[in-house]
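>>> Make a model of this:
(one chain, ligands or ions: 1)
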Amino acid sequence: MRLSESDRLFRDTLREFLEREVAPDLPEADHEPVSKEQAVAYQRDLGDLGVGPGAGEDASFEDPVTYAVTIEEIARVWPSLVMIITMGFPFPAALVPYAGDRTREALGDRSRAGELVGCLAVTEPAGGSDTTSPATTAERDGDEYVIDGEKTWVSNATIADVALVLATDTDTGARDFFLVDAETTSLESRELDKLGWKGSPTGQLFLDECRIPVENRLLNAVGRMASEGGTNVLENPIFRTQDPQNAMFAYMRTGMASMAVGIMQASFEAALDYTTERTVGGDAIAGKQLVQDHLYEMKAGIETARLLTHHAATHVAEGHADARLLSSLAKGYACETAVDVASRAVQVHGANGLSTDYPVERYLRDARTTTIPDGTTEIQKLIVGSELTGYPAY
Ligand SMILES: Cc1cc2nc3c(=O)[nH]c(=O)nc-3n(C[C@H](O)[C@H](O)[C@H](O)COP(=O)(O)OP(=O)(O)OC[C@H]3O[C@@H](n4cnc5c(N)ncnc54)[C@H](O)[C@@H]3O)c2cc1C
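Next up is the predicted model:
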């Protein structure tokens, strides 16, 4: 699938920036989660290129194909950075101007400056993969909602100014998203350590009687956004043809598939370079048939996953009936393939593949991490099965 001229130009500019400004820091930067200040600095730098919350209304994430290209490029250099800047659709920070007065007054200045960090809080300790009935509740009390509950494994939790929280409305029993800020509520968090995406903070969120204005309910904020002429990813047709959570996940899963493609691309480039440079007994290992078999499998995996991901992204862009199926297929397939591709990159590096002096051990850890967030591979299979047959198996 050929990229448009504008997507190609954009990708080249982004690649040049990432190689120059981000890649040299990685040996140090990838050891521990970034601080809020570092996250805001990355957000601001990428915002200057039109990427992410730092770009305000110019954010390039409204088109799912451009989004896929952007995510692949960033992940090719540093997957953690993808998580730092892409949490939530629409970005929780983008909703702040349309939230209740209290939230806007507390966060408005930093929102306008593109300096707010957001997170998307769906997963719960007891719910895990099953997000249909959140135990977190939103109880209406006059012109406020009172949010109570606990979330876990939330990216950006420990540095977020604002969280888009999935909760059950106690009046209707229906689930919806609510914008909860860390400035005017008692929102608290705790860091969780993990195998990959070392630079991306991940944590628990504790919501103990967090009082928010009723305007902070997602549908209310979006309604206000529409009436005030704000532009946002919610104008994408997918948000008109699917339930908000399914639409958001269809969008995000093409992003996670793109992240897997970016990791595969980096793994392949490292493997190709290494095998042509490394000689054993005087011969380049690139000339060995079984090494070429690894390169063949890697290349086939990348090309297939990228095509599938872009195919899914075009369906998301159209709000097509198959968007949910294809985005889950792409997420499941690309992330599992990335584990295989990154593992082959380690293998052709021999012992050096396990060394922290080479990047491929990180690619493998980062690839391995992709098969769990935004729904595990098993859950993607069940979504595809349900979309194909009409029989939901979970
Ligand atoms: C790095 C990272 C970042 C994350 N970021 C976020 C975030 O920003 N926001 C957020 O809300 N969440 C986030 N998550 C949470 C993630 O979405 C969940 O971890 C994921 O949905 C799985 O839930 P669980 O970990 O509780 O696993 P469980 O649901 O306990 O699953 C354990 C195993 O059982 C399988 N399983 C469960 N149910 C079924 C079923 N019905 N049929 C077949 N197999 C099943 C799973 O596939 C898995 O293999 C993140 C997770 C990670 C690791």
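
>>> Strands of the stretch 1-150 of the chain, start to end?
For the stretch 1-150 of the chain, strands defined by DSSP state E, counting those that start in this stretch occupy the ranges 118-121, 137-141, 144-155.

>>> can you list the ones you listed in a markdown table and add distance to L205 and mean neighbour count?
(Each C-beta comes from the backbone N, C-alpha and C, glycine too.) Conversion of the strands of the stretch 1-150 of the chain to a markdown table gives the following (distance: least, C-beta to C-beta, whole Å; neighbours: other C-beta atoms under 10 Å):
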| stretch | distance to L205 | mean neighbour count |
| --- | --- | --- |
| strand 118-121 | 5 | 29 |
| strand 137-141 | 14 | 17 |
| strand 144-155 | 4 | 21 |
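
>>> Quick one: the ones you listed as JSON lines, columns for distance to the ligand and mean pLDDT too.
Converted to JSON lines, the strands of the stretch 1-150 of the chain look like this (distance: least, C-beta to the nearest ligand atom, whole Å; pLDDT from 0 to 100):
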{"stretch": "strand 118-121", "distance to the ligand": "5", "mean pLDDT": "94"}
{"stretch": "strand 137-141", "distance to the ligand": "16", "mean pLDDT": "98"}
{"stretch": "strand 144-155", "distance to the ligand": "3", "mean pLDDT": "98"}
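
>>> Now L164. Nearest residue, chain neighbours left out?
In this structure, L164 finds its nearest non-sequential neighbour in P92, 4.3 Å apart by C-beta to C-beta, 6 or more residues apart in numbering.

>>> Tell me if I'm right that that neighbour and L120 touch.
Yes: the pair formed by P92 and L120 meets the contact definition of C-beta atoms under 8 Å, at 7.0 Å.

>>> Find the residues that touch each one of the two.
By C-beta atoms under 8 Å, 6 or more residues apart in numbering, P92 and L120 have these common neighbours: 163-164.

>>> what residues are up against F178?
Taking C-beta under 8 Å, 6+ apart, one finds 138, 145, 147, 164-165, 167, 212, 216-218 in contact with F178.

>>> now with 10 Å?
99, 121, 136, 138, 145, 147, 163-167, 169, 207, 210, 212, 214, 216-218, 220-221 (C-beta atoms under 10 Å, 6 or more residues apart in numbering).

>>> Got the phi and psi for the residue nearest to L218 when sequence neighbours are not counted?
Nearest residue to L218 in three dimensions, chain neighbours excluded: F177, at 3.8 Å (C-beta to C-beta, 6+ apart). When quoted as degrees, to the nearest 10, the phi and psi of F177 stand at phi -100, psi 150.

>>> if we can go back for a sec, are any of the contacts of F178 buried, and if so which?
Those of the contacts of F178 that meet the buried threshold are 99, 121, 136, 138, 145, 147, 163-167, 169, 207, 210, 212, 216-218, 220-221, by 16 or more other C-beta atoms under 10 Å.

>>> These in strands, which ones?
Of the buried ones among the contacts of F178, the ones assigned to strands by DSSP state E are 121, 138, 145, 147, 163-167, 169, 207, 210, 212.

>>> Can I get those in a markdown table including distance to L26?
Conversion of those to a markdown table gives the following (distance: C-beta to C-beta, whole Å):
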| residue | distance to L26 |
| --- | --- |
| A121 | 28 |
| A138 | 40 |
| Y145 | 41 |
| I147 | 37 |
| A163 | 28 |
| L164 | 29 |
| V165 | 32 |
| L166 | 33 |
| A167 | 37 |
| D169 | 43 |
| L207 | 34 |
| C210 | 36 |
| I212 | 38 |
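
>>> Sort out which one of the residues you listed lies nearest K331 for me.
Distances from K331 to those, taken as C-beta to C-beta, are shortest for L166 (18.8 Å).

>>> Can you give me the separation between the closest residue to that closest one other than its chain neighbours and R211?
In space, and not counting its chain neighbours, L166 is closest to V122: 4.6 Å by C-beta to C-beta, 6+ apart. If you measure V122 against R211 using C-beta to C-beta, to the nearest Å, the figure is 21 Å.

>>> Any idea which residue of this structure lies closest to the ligand?
Of all residues in the chain, the one sitting closest to the ligand is G128 (2.6 Å; C-beta to the nearest ligand atom).

>>> what about that residue, how many neighbours?
Look at G128: counted by other C-beta atoms under 10 Å, it has 12 neighbours.

>>> Fine, thanks again, bye for now.
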